[in-house]
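Undergrad: return atomic coordinates for the entry below.
(one chain, ligands or ions: 1)
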Amino acid sequence: MRADVVTIFPAYLEPLGLSLVGKARERGTLEVRTHDLRAWTSDVHRTVDDAPYGGGPGMVMRPEPWDAALTEIAASRPGSRPRVVVPTPAGVPFSQRRAQELAREPWLVFCCGRYEGIDARVVDAWADDEISIGDYVLAGGEVATLVILEAVARLLPGVLGNSASAEDDSFSDGLLEAPVYTRPPVWRGAEVPAVLRSGDHGAVDRWRRAESLRRTLHRRPDLLAAADLSAADRAVLDA
Ligand SMILES: N#Cc1c(N)n[nH]c1-c1ccc2c(Cl)cn(Cc3cccnc3)c2c1
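TA: Got it, this is the predicted structure:
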């Protein structure tokens, strides 16, 4: 997969050189190219924003630099067209399912806006996805792009080591993950649940499923409606 990121703060994307995404880049599983939007301005002040029509607070990002940037980037891979993702507070909610969908794309381009947003005509002309990573307000699209790209990168083939797999993820079965423990067996008087040290893999699986169901019921009951629950699951929830 190739991912291009357009931003006025390229340094914001430096974490993409670290850890899991960094290793995927080293392996060649993921290629990330970061672009400074100001490279497509033509005035001496490298202006990317202007006052909003209709008045109101803040500034809006001008269409011309964005269109020039996206036109050049989209033309850089003849015969191919990128899926253009625009993080925005007004976007559809990001989810594991959407991450899985994006992970199947060969080429993503992320438009990281700032100020009050990007001129809507550019978004209308170029965006395939307008995505929000949650119901809170950020100052721009860069952090959202980091979140989306990490969630997508970990789903790419070979990125997660043999000991982990995306199938075991929280949300992969539509439920929240069960609690996890490691050594020591007793820490500040708190013991690891005995079943996890029993060596009985069937019992461990049943315990984890029950804990996952109980956690989801208490913290995210909204997820249960879409989850594929067995009769045994429902017995746990009704207990
Ligand atoms: N994704 C996501 C997301 C989220 N969940 N919160 N905030 C954002 C987000 C994404 C993109 C931009 C751009 Cl461009 C400008 N701003 C600042 C802003 C703040 C309030 C109203 N309008 C714009 C962005 C905020």
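Undergrad: could you give the number of residues near the one residue in the chain that gets nearest to the ligand?
TA: Residue of the chain nearest the ligand, by CB to the nearest ligand atom: residue 113 (2.2 Å). Quick note: C-beta positions are derived from backbone N, CA and C, even for glycine. By other CB atoms under 10 Å, the residues close to residue 113 number 26.
Undergrad: quick check: it touching residue 140?
TA: Yes - using CB atoms under 8 Å, residue 113 is in contact with residue 140, at 6.1 Å.
Undergrad: can you give me the neighbour number for the closest residue to the residue of the chain closest to the ligand other than its chain neighbours?
TA: With CB to CB, 6 or more residues apart in numbering as the criterion, residue 113 has its nearest non-adjacent residue at 5.0 Å, and that residue is residue 141. Residues near residue 141, counting by other CB under 10 Å, number 29.
Undergrad: what does residue 184 give?
TA: 10.
Undergrad: equivalent analysis for residue 173, please.
TA: Residue 173 has 16 nearby residues by other CB under 10 Å.
Undergrad: ditto for residue 57
TA: There are 7 residues near residue 57, going by other CB under 10 Å.
Undergrad: kindly report the same for the one 4 residues further on.
TA: Neighbouring residues of residue 61 were enumerated by other CB under 10 Å; the total is 23.
Undergrad: returning to what we had before: spit out the contact partners of the residue nearest to residue 113.
TA: Counting by CB atoms under 8 Å, 6 or more residues apart in numbering, residue 141 touches 7, 86, 87, 88, 110, 111, 112, 113, 114.
Undergrad: let's see 6 Å
TA: Contact analysis of residue 141 by CB atoms under 6 Å, 6 or more residues apart in numbering lists 87, 112, 113.
Undergrad: can you lay out those as TSV showing secondary structure?
TA: Converted to TSV, the contacts of residue 141 look like this (DSSP: H, G, I helix; E, B strand; the rest coil):
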residue	secondary structure
87	strand
112	coil
113	coil
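Undergrad: circling back: pLDDT wise, what is the residue nearest to residue 113 at?
TA: pLDDT recorded at residue 141 is 98.
Undergrad: please report the distance of it from residue 66.
TA: Remark: distance between residue 141 and residue 66 (CB to CB, to the nearest Å) = 12 Å.
Undergrad: got it, and residue 22?
TA: From residue 22 to residue 66 the distance is 28 Å (CB to CB).
Undergrad: again with residue 42
TA: 13 Å.
Undergrad: show me which of residue 22 and residue 66 is the more surrounded one.
TA: residue 66 (24 against 16).
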